[in-house]
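Novice: how does the following fold in three dimensions:
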Amino acid sequence: MKNILVTGGAGFIGSAFLRHMVAAYPEYNIICYDKLTYAGNVDNLLPVSDEENYRFERGDIADRRAVQRALEHYAIDTIVNFAAESHVDRSIIEPDAFIHTDVVGAYILLDEGRKHGIERFCQVSTDEVYGDIEVGFSVEDDRFLPNSPYAASKAGGELMARAYHVTYGMDIVITRGSNTYGPYQYPEKLVPLFTTEAMDDRPLPLYGDGKQIRDWLYVDDHARGVDCILHFGKTGEAYNLAGENQRHNIDVTRRILELLGKPASLIRHVPDREGHDRRYAMTAEKARALGWQRQYDFEDGLAATVGWYQENEWWWRKIKTGEYLEYYKRQYTERLASIR
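Specialist: Just a heads-up that it's a prediction; the model follows:
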């Protein structure tokens, strides 16, 4: 492992992984390959922008020729694929974009990686492929029951990676992360959305009764988990990266308000989204057996995250304009109006 292509490396989890790898492995050449869609942000990479072992290449994983050029130019031997359309709400509105990136893009990366003799391919996936878990905990051999276009597209990318391992003998490992939060997260997801909206004393549109349960994983722990699986995972295997910190969405929302010193009256229960899963839960025993350990509990991680958004308004205020505002209006304005 010498020249690593990190696709989607300017996104939330991808940039955390990239920042970690650049610092932890100065002997590796780390190349960020990102299309810079709405959620890709070069500001996420400012902490490593001057490092000698980091490079940036703008490109789309679904553009075969661009992928070919990047693999050849940098003599890539390892691919870690974070590139994905990743927001469930957007997948309900525009599922075609998710199929294009998460399935077709993953296929093109795999196909070109095979042709170029890639030594290891790590496909980064999600706990949402398991679907709604009423009781118990998902393990890696459980069947897929995705319930949103996003979850289905991620399952499709995973299955393509498995097929390239079985059919062509590619060295593939897969990670499935739980609900991830932390600094640099695009403010459409629950924690950054509610944190930044509450800072401006705006209403927080909470879906339904807020009793949906998510398993929360701090982004730096997620990044270290992918590092662990990349280096020590058994070829052809998938590994859950679980936060093992289950919380109701309403409780997370209330805790954000407490940390900010804002009133609970900002919460607005709005009509739920279509096909909203009630609970995700996984075990992480398989990843722990390789040596991965979480370093953040939820309380400390959430406090650090809320504090980061308070201290870095420069980062998120310029995001919450233009396209972001158009999306917000489509997703929440009618819902908020319906409860007044």
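Novice: for Leu190, the count of nearby residues, please.
Specialist: 21 (other CB atoms under 10 Å). (Glycine included, C-beta is placed from N, CA and C.)
Novice: tell me the confidence at Ile76?
Specialist: Per-residue confidence (pLDDT) for Ile76: 98.
Novice: Glu119: what's its closest spatial neighbour, skipping adjacent residues?
Specialist: Of all residues not flanking Glu119 in the chain, Asp77 sits nearest, at 4.7 Å (CB to CB, 6 or more residues apart in numbering).
Novice: what distance do you get for the one you found to His269?
Specialist: Shown here: Asp77 relative to His269, a distance of 51 Å by CB to CB, to the nearest Å.
Novice: of the two, which one has the most company?
Specialist: Here Asp77 and His269 are set side by side on neighbour count (other CB under 10 Å), and the busier one is Asp77, at 18 against 15.
Novice: could you give the number of residues near Glu188?
Specialist: Close neighbours of Glu188, defined as other CB under 10 Å, add up to 19.
Novice: sort out which residues of stretch 236-249 are buried, please.
Specialist: By neighbour count with 16 or more other CB atoms under 10 Å, stretch 236-249 contains the buried residues 238-247, 249.
Novice: also stretch 164-184?
Specialist: In stretch 164-184, counting by 16+ other CB under 10 Å, buried: 164-165, 170-184.
Novice: what's the first-to-last distance across that stretch?
Specialist: As for stretch 164-184, its first-to-last residue distance stands at 33 Å under the measure CA to CA, to the nearest Å.
Novice: so how far is that stretch off the chain centroid?
Specialist: Distance of stretch 164-184 from its chain centroid, counting by CA atoms, centre = their mean, to the nearest Å, is 11 Å.
Novice: stretch 208-225 now?
Specialist: The answer for stretch 208-225 is 10 Å, by CA atoms, centre = their mean.
Novice: please apply the same query to stretch 158-177.
Specialist: When distances are taken as CA atoms, centre = their mean, stretch 158-177 is centred 19 Å away from the chain's centroid.
Novice: cool, and stretch 251-259?
Specialist: Taking the mean of its C-alpha atoms, stretch 251-259 sits 22 Å from the chain's own mean (CA atoms, centre = their mean).
Novice: average model confidence for that stretch?
Specialist: Rounded mean pLDDT across stretch 251-259 is 98.
Novice: who touches it?
Specialist: 190-191, 194-195, 198, 204, 206, 210, 214, 216, 263-264, 266-267, 299, 302-303, 306-307 (CB atoms under 8 Å, 6 or more residues apart in numbering).
Novice: quick one: buried ones out of those?
Specialist: Restricting those to buried positions leaves 190-191, 194-195, 198, 204, 206, 210, 214, 216, 266-267, 302, 306, with burial counted as 16+ other CB under 10 Å.
Novice: list the buried ones in stretch 133-153?
Specialist: Within stretch 133-153, the residues scored as buried using 16+ other CB under 10 Å are 133, 137-138, 140, 144-153.
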